[in-house]
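Visitor: Return a 3D structure for these sequence lines:
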Amino acid sequence: MAKTFSSLGVDPFLIKGLKALDILVPSDIQVKTIPVILSQKEDVVGIAKTGTGKTAAFGLPLLQHISVDNNDVQAIVLAPTRELGQQIHKNLCDFAVHKPEISIASVCGGIPIKPQIERLKEPTHIIVATPGRLIDLIERKAVSITNASYLVIDEADEMVTILKEGLDTIISGLPKKRRTFLFTATLSGEIKQLVQNYLSKNIVHIEVDMATLGHQGIDHQYVVVKPEEKLNVLMHFLSSKEGQRGIIFCKTKAAVNKLAKNLAIHKFSSGAIHGSLTQGIRDRIMAQFREGHINILVATDLAARGIDVKEITYVIQYHLPDTYDAYVHRSGRTARAGATGLSVSVIQQEEVADIPDLEDELGITFSEMPKADTLSIEENNAKLWAKQIFKTKPNHHISEDFKTSIKTIFHHLTKDELVDKVLAHHLNQTKTVVAKEEVSKKKKR
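Guide: Residues are numbered from 1 along each chain as shown. From the prediction side, this is the model:
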């Protein structure tokens, strides 16, 4: 018989909040974690990948432990990025909507600190924070965490460097008698060191089925391309998914900027986020993506953390990630909340050898996506060119005499004849450019 939130010991006010979110059946990580945090006294190390419901796994029992009669900060939740911090804050608020006396504050970097200082002057039970901003607030004596009973470190593997530099400051402000819950996708040597240094000796290790975790409902495919045709193959794919939402992952900020610029030139409904953009720009792009005003998000791995949009139908690995964990985090952006999704890796011939390693390590199976043929790409590029013309704003500074002279040239043509001639001219021009590029490449060889 399937477990229910009630059978796990979750309070009715939280179950009511979950029902409003259409969360009715607990996930594996929730089944294993919630009773431990609710009923036991040990620290917890949870090994689980993205999209498995970790926030509810620690958030529900945390909310249940809060005493609304006590105005002290009782729990700290640390997240690697502001986006993820905001998402956790929203989730906790949604879970606890039927008990508004629980006060939850988000204090993350990238925005002015003064409003956060003012916010913390009010009674606050739970703080969701990025480590750097919390340390700043502690050093300014804007917040006291000396009576906090719980510390949650989420996505620990994504902030090892930050934690190494600043966790001592945070820990020194916490009481020795506290419970710490650390969640990570991988138990690397660095994470093991964090566990040894900052968690108690009595630890409950919780691990869900890593062989299939985060891959249910995802169709994993790859397409092999030459470097010079990579963009065209991608645009052909994106055209076939017009109106659907997806995320394209690149390794570097420079690559994100370059690809986003190319997509904008070709009038794709897209935006870009990476760590060097101002928080205001990142927030605006993310809001446009969540609300469906743009369909394609080009992102680096870390900047995309915290994206929890159910309707993402595909993920593109424009560059293969450096780690298996990063692949899981990327592909896990799709097929959320029981939906299905597609994860496509655009690779070069020498990278084909990496596919079996991904399959063996992650317990998944890839299929090869046929590459669009030359004619299909040519036709797609012509359609994109036509869309560019369609979306071009008229130049009102052109003189009427000049416009009349141009119209005179075309006046005897029907609409169909004009389209035929303009299209033929465009395709001839394109072939000429390609031919010149091929000659240039041969000369360089």
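Visitor: Which pLDDT value belongs to residue 290?
Guide: On pLDDT, residue 290 comes in at 85.
Visitor: what's around the nearest residue to residue 138 once chain neighbours are set aside, how many residues?
Guide: Using CB to CB, 6 or more residues apart in numbering and skipping the chain neighbours, the partner closest in space to residue 138 is residue 173 (5.4 Å). All C-beta spots, glycine's among them, are computed from the backbone N, C-alpha and C. Using other CB atoms under 10 Å, residue 173 has 18 neighbouring residues.
Visitor: And residue 150, by the same measure?
Guide: 21.
Visitor: Please name the nearest non-neighbouring residue to it.
Guide: residue 75 (4.0 Å).
Visitor: circling back to that earlier point, quick one, what contacts the residue nearest to residue 138?
Guide: 138, 144, 145, 146 (CB atoms under 8 Å, 6 or more residues apart in numbering).
Visitor: isn't the first one right up against residue 170?
Guide: The one in question is residue 138. Yes - Residue 138 is within contact range of residue 170, at 7.0 Å (criterion: CB atoms under 8 Å).
Visitor: where along the chain do the strands fall?
Guide: Under the criterion DSSP state E, strands of the chain are mapped to 43-47, 75-78, 104-107, 126-129, 150-153, 179-184, 203-207, 218-224, 245-249, 270-273, 296-299, 312-317, 341-347, 366-368.
Visitor: List the residue ranges of this protein that fall below the pLDDT cut-off.
Guide: Applying pLDDT under 70 to the chain picks out residues 1-2, 49-51, 209-216, 303-308, 310, 336-338, 432-445.
Visitor: Would you map out the domains in it?
Guide: 12-207, 218-374, 393-444 (automatic domain parsing).
Visitor: wait, which of those is closest to residue 383?
Guide: domain 218-374 (6.9 Å; CB to CB).
Visitor: Without its sequence neighbours, what residue ends up closest to residue 251?
Guide: Nearest to residue 251 is residue 319, by CB to CB, 6+ apart, at 4.3 Å.
Visitor: Spit out the contact partners of the one you found.
Guide: Taking CB under 8 Å, 6+ apart, one finds 249, 250, 251, 255 in contact with residue 319.
Visitor: Of the residues you listed, which is the most crowded?
Guide: Highest count within the contacts of residue 319 by other CB under 10 Å belongs to residue 249, 28 neighbours.
Visitor: what's near enough to touch the residue nearest to it when sequence neighbours are not counted?
Guide: Leaving out its chain neighbours, the residue that sits closest to residue 249 by CB to CB, 6+ apart is residue 330, at 5.0 Å. Contacts for residue 330 (CB under 8 Å, 6+ apart) come out as 247, 249, 301, 304, 315, 317, 321, 343.
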